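Student: For reference, the sequence and a predicted model appear below.
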Amino acid sequence: MSKTNAGNFFEDFAVGQVIEHSTPRTVTEGDRALYGALYPTRFAVPSSQMFAASVGLCSAEGPHPVEDLIAFHIAFGKTVPDISLNAVANLGYAELRFHQPVHPGDTLSTKSEVIGLKQNSNGRSGVVYVRSTATNQRGEVALDWCRWVMVHKRDTGLEAPETVLPDLKKPLAPEDLVIPAGLDFSSYDFVAAGEPHRFDDYAVGETIDHVDGVTLTDPEHMLATRLWQNTAKVHFNTEARPDGNRLIYGGHVISMARALSFNGLANAQLIAAVNGGSHVAPAFAGDTVYAWSEVLDSAEVSDSVGALRLRLVATKGRDESMTLRKEEGEYADGVLLDLDYWALMPR
Amino acid sequence: MSKTNAGNFFEDFAVGQVIEHSTPRTVTEGDRALYGALYPTRFAVPSSQMFAASVGLCSAEGPHPVEDLIAFHIAFGKTVPDISLNAVANLGYAELRFHQPVHPGDTLSTKSEVIGLKQNSNGRSGVVYVRSTATNQRGEVALDWCRWVMVHKRDTGLEAPETVLPDLKKPLAPEDLVIPAGLDFSSYDFVAAGEPHRFDDYAVGETIDHVDGVTLTDPEHMLATRLWQNTAKVHFNTEARPDGNRLIYGGHVISMARALSFNGLANAQLIAAVNGGSHVAPAFAGDTVYAWSEVLDSAEVSDSVGALRLRLVATKGRDESMTLRKEEGEYADGVLLDLDYWALMPR
Amino acid sequence: MSKTNAGNFFEDFAVGQVIEHSTPRTVTEGDRALYGALYPTRFAVPSSQMFAASVGLCSAEGPHPVEDLIAFHIAFGKTVPDISLNAVANLGYAELRFHQPVHPGDTLSTKSEVIGLKQNSNGRSGVVYVRSTATNQRGEVALDWCRWVMVHKRDTGLEAPETVLPDLKKPLAPEDLVIPAGLDFSSYDFVAAGEPHRFDDYAVGETIDHVDGVTLTDPEHMLATRLWQNTAKVHFNTEARPDGNRLIYGGHVISMARALSFNGLANAQLIAAVNGGSHVAPAFAGDTVYAWSEVLDSAEVSDSVGALRLRLVATKGRDESMTLRKEEGEYADGVLLDLDYWALMPR
């Protein structure tokens, strides 16, 4: 019997099944530095121990939290060998919540529960819904999320399982958000943070063109994707796709767009939740990624903290018109990512 | 009103104005590792905690100082969004002094004072002189420097401000140098450091061909430039220049040349000051960078420490003749960088 | 006299000579992060402080050991300026033993003793055999190994030295292996480690195709090679070879193959020793590297620990037939690396 991991196929999943993913991973200051080398991020909390301490997210001695997306990528990467090695497509996310910031020294482990199954009518694949939970070394939840992927069947002759569709919130309500313990923006330093715009300065419906663009390269997205121990072949191996291109991990585009959004959303310090996201088109080396945002909703969540619900759109080539969809309803040409999330800002 | 940062234009600066730059940045061991991956540096102080402790620059428990240029790049990067986002050209540096080594865990913030202004005769741009100061989390000065940049005017109809030209030293005198507290080269280990040549072995006028070359790549200079949170578009975006090339951050060439200079100057452990520097020609991926040095001056600064004033020249392609200028006085073909600095060496 | 290092030539070596290599190097968490960004490694000990503590390799407070190959690359890199700067070829390794795991904060220094010399019949070069030993800041041996390189003569007119050939073990016996103090696999978590296969599940003669491939790039191997302070020109300078290609450091291929071998050998947590290795063919950017392994021998070394002697073969392009040699005895086309090592696994 082969000792290598062939991954799970559609018929290997059953509703209620719990999968403990391998490779617990300790977060380090090296992850923070590499993230800063890979993405043009300048958010003050992950950049400065002093700033993070001033808003209650670490002690004066540190260490300060890392970017929320570092925690997400690490936690997500653990699920790939069990959930999506045989995936046809990553269909969607919902109900992603950050329960507490992650600091260097924390060790993250992830497990997933199968919460839904639906075989496709062609009998050759099906959709698997999982709720994944990443916990730290104290057994506390760091983040959890749902995602659904289309997975091949190994044996197409097998009967379809009973269809179970999970009841997922889209989007999360403000009262679903977890505000990190200790978070206090009452003595927030807007000069250090880089922009004067506070929660109340953003209006629902407002759009922001983040102006800057970054041209992607293969070595950079591979460094990032490996750092998260994400092993999907298509990101690394030019022999894995007929066109000889490496497909860029969707999370690389998420992190690039989030970092670009600093220019206009510098005070959107923390991601509280992701309501949903679509990787609309694949990205490849040579593409120049730009980003724009739209304010979808807002809510006051504490005396000093407001939550903005934002749409973050990454495009290939700049679209100053910030057009999400064509008249027919399809995504506009050039849209790579459509991400719906809640950010925490000073009021 | 747009929420994104359009940067300052010439008319936004006034002599005496103080600008607090955003994004305080905590230095980490990840920065040291990335610097070592990006540049072929082998200087013993930043390489070895034991060595650094043996010359008085950290306790036996560490952490040991990072490369001086890490501190410079981080401190400099903070000034870009306010000072040089609309710069036509980075014209020069002067009076850069390192006041103390920077260690992992230190958080650097930078502020700048406008010390000079001169509108160009064309009325469309002007030169802005600033003195920038980076301080650590204790409010102590880590380094300061002057630079001048040519910046566009937004409104060319505005009247020219009064011309003020600062009085800048070129070069700094040995008595201007700050010798780090505790620095003691009296039990310096020349074997561990890699070369036997001490301060007294170098003669004014001597030139050293550093022999080795490195061919530049786009992913590497982008990783470096982002690490310093330097966001100038031309380094990252192939759509930002008509020729479709990414312009390499001048600091990347400085760090590459300094690292190459190890071969012949292994004991030039610390940079005390930079007297001036010119980015003579732009560098691009594919260029192979070599370096040579010339000893310009020397001074004994303590019982165990000597200061060498060095010219560090980076060239595209090796020039064994070490020619700085053509007969007409122009820089020789292939010269990329002409940097004048003071280094501290064991006597 | 030139101040740059021209390296040693064949006639500069004498049997019994001891060379203290320069540039002691402190290992950091940044090295761990970069290693994980450069190679698709997922071994649980270097990934997770909790896992490492659970098998006795660090305290609950950490830090946990880094990959064994990080220690090897750093220790090896120190020998290059003295031993192999003028090498024609790196001919072989033997008797490489890891004496204890290396942790962030450890400072490694390397020295080498010349243990053999043999001038080539052409009189223009010769083979130098050295035993190199890397010690930590406490003076304890971290690893040691023998290697032999063919080195140019400076002066071909000089007489040949007496031929001395060292008596090297090939391979090391199980009783030669050093089991790290405290190592205890009795409560090993196979789920966290990623595969159920334990020591007893592997049979001598068994081969494992590790399935995955990675296409190499220039920026990535240069980042790796610089991180180890390995300064051999051919890895960095496109002007150093007639074909304009950068030759990839052989250690990059070793680390890539070892990381790929996780898929099928996830529980081969530690490398105890390397018995020998050949870089069969050079690797260049654009090559897609795959790996396969063969079980050569096995031995029980403690109640909970078994040692597997493994052949690790890296190939350019996947060879599902796992053919090492042609009928004539030459290595099969596409073989890049043939490495013979002892790994420690849970029984």
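Tutor: Received, thanks. A quick note: this is a predicted structure, and the numbers were derived from the prediction, not measured.
Student: I'd like to know how far A:Asn245 sits from A:Pro219.
Tutor: 14 Å (C-beta to C-beta, to the nearest Å). For the C-beta atoms, the positions are set from N, CA and C on the backbone; glycine is no exception.
Student: Which one's more surrounded, these two?
Tutor: A:Pro219 (25 against 15; other C-beta atoms under 10 Å in any protein chain shown).
Student: That one sits in which helix or strand?
Tutor: Taking DSSP states H and E as the definition, A:Pro219 sits inside helix A:218-227.
Student: That helix vs helix C:218-227, what angle?
Tutor: 60 degrees (axes from the mean of the first three to the mean of the last three C-alpha atoms, to 10 degrees).
Student: So helix A:218-227, near chain B or not?
Tutor: Yes. Helix A:218-227 lies within reach of chain B by C-beta under 8 Å from any C-beta of the partner chain, at A:Asp218, A:Pro219, A:Glu220.
Student: A:Tyr165 against A:Ile115, yeah?
Tutor: In this structure residue A:165 is Leu, not Tyr. No. Between A:Leu165 and A:Ile115 there is no contact under C-beta atoms under 8 Å: 9.2 Å.
Student: Comparing these two, which shows the higher neighbour count?
Tutor: With neighbours defined as other C-beta under 10 Å, A:Leu165 and A:Ile115 compare such that A:Ile115 has more, 19 against 12.
Student: State whether that one and A:Val15 are indeed in contact, as I suppose.
Tutor: Yes. With contact defined as C-beta under 8 Å, A:Ile115 reaches A:Val15; the gap is 6.8 Å.
Student: tell me, what's touching these two both at once?
Tutor: Shared contacts of A:Ile115 and A:Val15, defined by C-beta atoms under 8 Å, 6 or more residues apart in numbering or on different chains, comprise A:Val164.
Student: Now for the residue lying closest to A:Thr23 once chain neighbours are set aside: which residues touch it?
Tutor: The shortest distance from A:Thr23 to any non-neighbouring residue, by C-beta to C-beta, 6 or more residues apart in numbering or on different chains, is to C:Arg42 (4.8 Å). Counting by C-beta under 8 Å, 6+ apart, C:Arg42 touches A:Ser22, A:Thr23, A:Gln229, A:Thr231, C:Gly194, C:Ala259, C:Phe262, C:Ala266.
Student: Also A:Leu324?
Tutor: A:Leu324 neighbours (C-beta under 8 Å, 6+ apart): A:Glu294, A:Arg311, A:Val313, A:Tyr331, A:Ala332, A:Val335, A:Asp338.
Student: one more time with 10 Å
Tutor: A:Thr207, A:Val280, A:Trp292, A:Glu294, A:Arg311, A:Val313, A:Thr315, A:Tyr331, A:Ala332, A:Val335, A:Asp338 (C-beta atoms under 10 Å, 6 or more residues apart in numbering or on different chains).
Student: and these, which are buried?
Tutor: A:Val280, A:Trp292, A:Glu294, A:Arg311, A:Val313, A:Thr315, A:Tyr331, A:Val335, A:Asp338 (16 or more other C-beta atoms under 10 Å in any protein chain shown).
Student: quick one: which two of those residues are the most distant?
Tutor: Spanning the widest gap among these are A:Val280 and A:Glu294, at 15.1 Å by C-beta to C-beta.
Student: any idea which of the contacts of C:Arg42 has the most stuff around it?
Tutor: C:Phe262 (27 neighbours).
Student: Could you pull up phi and psi at the closest residue to chain B within chain A?
Tutor: Of all residues in chain A, A:Ala33 sits closest to chain B, at 2.5 Å by C-beta to the nearest C-beta. Per-residue torsions, A:Ala33: phi -60, psi -40 (degrees, to the nearest 10).
Student: Spell out which residues sit in contact with it, please.
Tutor: Counted by C-beta under 10 Å, 6+ apart, A:Ala33 has contacts B:27-35, B:227, C:29-30, C:33-34.
Student: ok, those residues vs B:Val253, which is closest?
Tutor: Closest to B:Val253, out of all of the contacts of A:Ala33 and judged by C-beta to C-beta, is B:Tyr35, at 14.7 Å.
Student: Hmm, A:Thr163 is touching A:Lys118, no?
Tutor: Yes. Contact criterion C-beta atoms under 10 Å: A:Thr163 and A:Lys118 qualify, at 4.7 Å.
Student: what residue ranges in chain A score low on pLDDT?
Tutor: For chain A, applying pLDDT under 70 flags the ranges A:1.
Student: Show me where it has its strands.
Tutor: A:18-20, A:25-26, A:87-98, A:107-119, A:125-135, A:141-152, A:207-209, A:214-215, A:270-279, A:288-300, A:305-316, A:335-346 (DSSP state E).
Student: Return the residues of the stretch 151-300 of chain A in contact with chain C.
Tutor: Neighbours of chain C within the stretch 151-300 of chain A, by C-beta under 10 Å from any C-beta of the partner chain: A:217-220, A:222-233, A:235-240, A:244, A:246, A:285.
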